[in-house]
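S.K.: from the sequence below, what's the structure:
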Amino acid sequence: MQIYLPIAELPVNFFLVLFMGGGVGFLSGMFGVGGGFLMTPLLIFYGIPPAVAVATEANQIVASSVSGAIVHWRRRGVDFKLGLVLLAGGVFGSVVGVWLFKLLRSLGQVDLIISLSYVVFLGIIGGLMLFESLRLMFRSRGGKVIPIRRPGQHTWIHGLPFKMRFHRSKLYVSAIPIVAIGALVGVLAAIMGVGGGFIMVPAMIYLLRVPTNVVIGTSLFQILVVTALVTILHATSNQTVDVVLALLLMAGGVIGAQFGARAGQGLKAEHLRALLAIMVLLVCSRLAYNLVVQPDDLFSISFVAEAH
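M.R.: Here you go, the predicted structure:
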């Protein structure tokens with residue numbers, strides 16, 4: 001059954017889009033990720049204009065983040081003070097990112113930048129995840145004890161000025177790296193249509209040393225507000241949010257996430273990370289291939305003499 005998308009300006013298969021939302025929702029529930037870095041490339045592969053795919057996926061992330069943030073808030077797993085400092089950087093990054101998005105779109109380069117951003121970030125993140133997962137699996141099979149950094153051990157981050165105390169996270173750290181991380185996530189949300197959790201969560205754990213029991217909830221709180229702002233800015237500045245497409249993806253994602261969460265319970269953490277890393281690298285490879293392969297339709301630019 002075909003349904004017309006008013007903003008994307010093309011007809012799509014209703015059940016196929018619903019299935020795509022369910023599939024990414026299943027993977028999100030299984031691996032514990034937002035899924036934006038998988039859904040946006042899939043929409044582009046399907047023929048949705050990249051500008052519409054980015055803005056619409058940001059809208060879907062808002063809906064998926066609400067329920068997760070509420071659950072972690074009830075479990076006292078949200079550091080609101082830390083989240084607000086992250087949010088300060090996130091708001092700045094979102095405004096800058098949407099401005100860059102609009103500028104690149106006016107220059108006709110936004111599709112290229114979106115694809116290049118995904119190739120770079122997915123390649124780095126997927127490669128690191130796969131390396132870490134394989135290292136853990138080999139060490140566990142060999143019976144070796146994996147070294148863990150001591151909780152009280154400090155890094156160069158703790159020597160920066162403008163320190164703040166975060167009681168929920170039991171941290172006393174500079175606000176500079178927190179604002180910087182939030183700003184980076186805001187830019188990524190605007191240009192790539194992702195929540196940024198795949199960068200924020202590792203940064204909070206390994207750079208800021210935030211306890212794991214408040215990392216996910218605080219990250220979801222910041223992502224929720226930032227992606228909501230990005231959606232509003234894209235809708236008002238670029239008019240690229242397709243509500244019909246977003247509703248279909250959200251409906252499929254909610255259903256798929258329930259089954260994915262159950263399926264993921266039977267797998268070990270390192271196996272889950274390895275599977276996710278392989279999937280990320282496959283998407284990265286497909287995007288990189290599309291950048292270098294010769295297109296079906298070739299265009300050339302030439303001057304046409306005016307007839308007098």
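S.K.: mind listing the strands for the protein?
M.R.: 2-5, 10-13, 163-166, 171-174 (DSSP state E).
S.K.: TSV please, covering these and showing mean pLDDT, mean neighbour count and distance to residue 231.
M.R.: For every residue, glycine as well, the C-beta is placed using N, CA and C. Formatted as TSV, the strands of the chain follow (pLDDT from 0 to 100; neighbours: other C-beta atoms under 10 Å; distance: least, C-beta to C-beta, whole Å):
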stretch	mean pLDDT	mean neighbour count	distance to residue 231
strand 2-5	84	13	16
strand 10-13	85	15	20
strand 163-166	80	14	28
strand 171-174	78	18	30
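S.K.: just send these back as a markdown table, with distance to residue 99 too.
M.R.: Shown next, in a markdown table, are the strands of the chain (distance: least, C-beta to C-beta, whole Å):
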| stretch | distance to residue 99 |
| --- | --- |
| strand 2-5 | 26 |
| strand 10-13 | 27 |
| strand 163-166 | 28 |
| strand 171-174 | 27 |
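S.K.: where do the helices of the stretch 201-308 of the chain begin and end?
M.R.: Counting by DSSP state H, counting those that start in this stretch, the stretch 201-308 of the chain has helices at residues 212-233, 243-264, 269-292.
S.K.: any chance of those helices in TSV with distance to residue 165 and mean pLDDT as columns?
M.R.: Formatted as TSV, the helices of the stretch 201-308 of the chain follow (distance: least, C-beta to C-beta, whole Å; pLDDT from 0 to 100):
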stretch	distance to residue 165	mean pLDDT
helix 212-233	15	77
helix 243-264	35	76
helix 269-292	32	76
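S.K.: which residues touch residue 22?
M.R.: 252, 253, 255, 256 (C-beta atoms under 8 Å, 6 or more residues apart in numbering).
S.K.: counting neighbours, what do you get for the residue lying closest to residue 210 once chain neighbours are set aside?
M.R.: Residue nearest to residue 210 in three dimensions, not counting chain neighbours: residue 204, with 4.3 Å by C-beta to C-beta, 6 or more residues apart in numbering. Residue 204 has 28 neighbours, counted by other C-beta atoms under 10 Å.
S.K.: now do the same for residue 204: its pLDDT.
M.R.: Looking at residue 204, its pLDDT reads 77.
S.K.: who's in contact with it?
M.R.: Residue 204 makes contact with 181, 210, 215, 218, 219 under the criterion C-beta under 8 Å, 6+ apart.
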